[in-house]
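Asker: Sequence plus the predicted model coming up.
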Amino acid sequence: IYFSFEFYGLVYGLRGAQADYTYDASHIRLRPGFTLANSDMKAVFRLEIDQNFGRGDNTKDADPGTDNYAVEVKHAYFETSESMLNGLILMAGLNSYSFPVVVDNDFALIQASYNFGLVKPVLSLLTIDEYSEVEQTAAGVEQDTDCRAYAADIPFIYRGFGIRTGVMHIVGGGGSPTFSEGRVTNIAVNVTGDVGFALLDASGAYMTGDLNSTTETNSYSFDAELAIKPAKGIRLGGFITFGSGDDGSDASEYNSYFYIMNNLLGSTTSKSGAPDGRLLLFENATVANSLTGMPASVFDYMDDPLGYMSYGGYAEAEIGNFTALAQFGMAFLVEEDANGKNAIGSEIDLKVSYGIAPSTSVFAEGAYIIAADVIEDNAYQAAFGMTTEF
């Protein structure tokens, strides 16, 4: 019998403003977990305590007395070992599932995989909706409330290069509040390369099918990052992110990629289904999504129905226990808004951290938005905190 314990902790305070709008908050997030295993099976269990400081939400926020119902189940699953079924691995429970530019969230899911060495294909069943176990009543009334995603991906890695292909088919029953009578198929590929002095990470996805009985979609997204390492601990890179949008001109077609994926596999108001981007405010503006984010998603344009695009560059340095990141990006709506504008603005991000112990760091970060056409006023956010993991 093997037992291990793990812990992740984050505490931070932040403050931000845009014209007359200001906000500030303090937050703590703790994730204790343990793994119990023998030669055949392992069981993983992780909790999450996620609270704002001060009275607010009666079930979660830390009011005087701090006896709120703030403990959540993050992950809980069991998995067979490779030796148990001659290389076949089965996993079931509550776990994370991710694919670049497509999805990054936690789900109730079942997985089967087989390790062939260079490739390890994975089949996944993700349950999104299950409002009722009854598919049809005794009177013959159909009430299929299910929504499920069937995914297959095949990663291939060889000498610093990787190719991962994936297909996801999402099906919604007629009674599903999330995806009534929907059928979409998403095809994606991720390519990575590491040749020592240069790094490449590029992904693309295309989605087609019916969002409901009257609306179809043909939408796509891509993301690419290229970085060089001119010296030890120094990285310089550039990036571009794109997700197609919809201008509302055709009621029978809806092509906003990130918006659709966030609604199907997450929520545009809490935890995103599609992966968040790099920019701290334009692409990571909710506390649920990012390391540190603002309490409301007023700056997060990545999920906008009109589509989203950004590009920019960054410089990162790691010297001993000290790490610094500076990045600049420009963001645009893919389709013009009601005022005929699509330039959202530019963002400057700065972040520094210092390791005060082998597993613990203190950090400070700041983001500044330079308004363009869509955003009328400049904005800023500053945060500081400490994180630990062991």
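Answerer: That came through, no problem. Residues are numbered from 1 along each chain as shown.
Asker: Over to the closest residue to Gly266 other than its chain neighbours: give its phi and psi.
Answerer: If the residues on either side of it in the chain are set aside, Gly266 comes closest to Gly273, at 2.9 Å by CB to CB, 6 or more residues apart in numbering. Every C-beta, even on glycine, is put in place using the N, C-alpha and C of the backbone. Per-residue torsions, Gly273: phi -80, psi -50 (degrees, to the nearest 10).
Asker: Report the contact partners of Gly273.
Answerer: Counting by CB atoms under 8 Å, 6 or more residues apart in numbering, Gly273 touches 103-105, 261-267.
Asker: Can you give me the pLDDT of it?
Answerer: Predicted confidence (pLDDT) for Gly273: 84.
Asker: got a markdown table for the contacts of Gly273, with distance to Asn58, pLDDT and secondary structure too?
Answerer: Converted to a markdown table, the contacts of Gly273 look like this (distance: CB to CB, whole Å; pLDDT from 0 to 100; DSSP: H, G, I helix; E, B strand; the rest coil):
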| residue | distance to Asn58 | pLDDT | secondary structure |
| --- | --- | --- | --- |
| Val103 | 32 | 95 | strand |
| Asp104 | 30 | 92 | strand |
| Asn105 | 26 | 91 | strand |
| Met261 | 32 | 94 | helix |
| Asn262 | 27 | 90 | helix |
| Asn263 | 28 | 90 | helix |
| Leu264 | 30 | 93 | helix |
| Leu265 | 29 | 92 | helix |
| Gly266 | 25 | 85 | coil |
| Ser267 | 21 | 64 | coil |
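Asker: Most neighbours among the residues you listed, which one is it?
Answerer: Among the contacts of Gly273, Met261 has the most neighbours (other CB atoms under 10 Å), with 30 neighbours.
Asker: and that residue, what does it touch?
Answerer: By CB under 8 Å, 6+ apart, Met261 lies in contact with 102-103, 186, 207, 273-274.
Asker: can I assume Ile260 sits in a helix?
Answerer: Yes: assigned with DSSP: H, G, I helix; E, B strand; the rest coil, Ile260 falls within a helix.
Asker: In three-state terms, label the residue most central in space within the chain for me.
Answerer: Nearest to the geometric centre of the chain sits Pro275, at 3.2 Å (CA atoms, centre = their mean). For Pro275, the assignment made with three-state DSSP gives coil.
Asker: if we can go back for a sec, wait, which of the contacts of Gly273 is closest to Ser249?
Answerer: When the contacts of Gly273 are compared for distance to Ser249 (CB to CB), Asn263 comes out closest, at 20.4 Å.
Asker: got the contact list for that closest one?
Answerer: Residues in contact with Asn263 (CB under 8 Å, 6+ apart) are 178, 273.
Asker: hang on, the earlier thing: and the contacts of Gly273 as JSON lines, adding distance to Gly54?
Answerer: Formatted as JSON lines, the contacts of Gly273 follow (distance: CB to CB, whole Å):
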{"residue": "Val103", "distance to Gly54": "33"}
{"residue": "Asp104", "distance to Gly54": "30"}
{"residue": "Asn105", "distance to Gly54": "28"}
{"residue": "Met261", "distance to Gly54": "34"}
{"residue": "Asn262", "distance to Gly54": "29"}
{"residue": "Asn263", "distance to Gly54": "31"}
{"residue": "Leu264", "distance to Gly54": "34"}
{"residue": "Leu265", "distance to Gly54": "32"}
{"residue": "Gly266", "distance to Gly54": "27"}
{"residue": "Ser267", "distance to Gly54": "24"}
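Asker: just those residues now: which is nearest Gln136?
Answerer: Ranked by distance to Gln136 (CB to CB), these are led by Leu264 at 24.2 Å.
Asker: Roughly how far does the closest one sit from Gly307?
Answerer: Distance from Leu264 to Gly307, counting by CB to CB, to the nearest Å: 16 Å.
Asker: With Gly204 instead?
Answerer: Here Gly204 is placed at a distance of 15 Å from Gly307 (CB to CB).
Asker: Compare those two and say which is more crowded by neighbours.
Answerer: Applying other CB under 10 Å to Gly204 and Gly307 shows that Gly307 carries more neighbours, namely 25 against 18.
Asker: mind listing what the more buried one touches?
Answerer: By CB under 8 Å, 6+ apart, Gly307 lies in contact with 242-246, 255-258, 333-335.
Asker: can you dump the C-alpha coordinates of stretch 76-93 into PDB?
Answerer: Extracted in PDB, the C-alpha atoms of stretch 76-93 (Å, rounded to 0.1, in the frame of the first residue of the first chain):
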ATOM      1  CA  ALA A  76     -12.100  12.200  -6.800                       C
ATOM      2  CA  TYR A  77     -11.300   9.300  -9.000                       C
ATOM      3  CA  PHE A  78      -9.800   5.900  -9.200                       C
ATOM      4  CA  GLU A  79      -7.500   4.500 -11.900                       C
ATOM      5  CA  THR A  80      -6.000   1.100 -12.700                       C
ATOM      6  CA  SER A  81      -2.300   0.500 -13.100                       C
ATOM      7  CA  GLU A  82      -0.800  -0.500 -16.500                       C
ATOM      8  CA  SER A  83       0.200  -3.900 -15.100                       C
ATOM      9  CA  MET A  84      -3.300  -4.800 -14.000                       C
ATOM     10  CA  LEU A  85      -4.800  -5.100 -17.500                       C
ATOM     11  CA  ASN A  86      -1.600  -5.600 -19.600                       C
ATOM     12  CA  GLY A  87      -1.200  -2.000 -20.500                       C
ATOM     13  CA  LEU A  88      -4.800  -0.900 -20.600                       C
ATOM     14  CA  ILE A  89      -5.600   1.900 -18.100                       C
ATOM     15  CA  LEU A  90      -9.100   2.700 -16.900                       C
ATOM     16  CA  MET A  91     -10.100   5.800 -15.000                       C
ATOM     17  CA  ALA A  92     -13.400   7.000 -13.600                       C
ATOM     18  CA  GLY A  93     -14.600   9.800 -11.400                       C
END
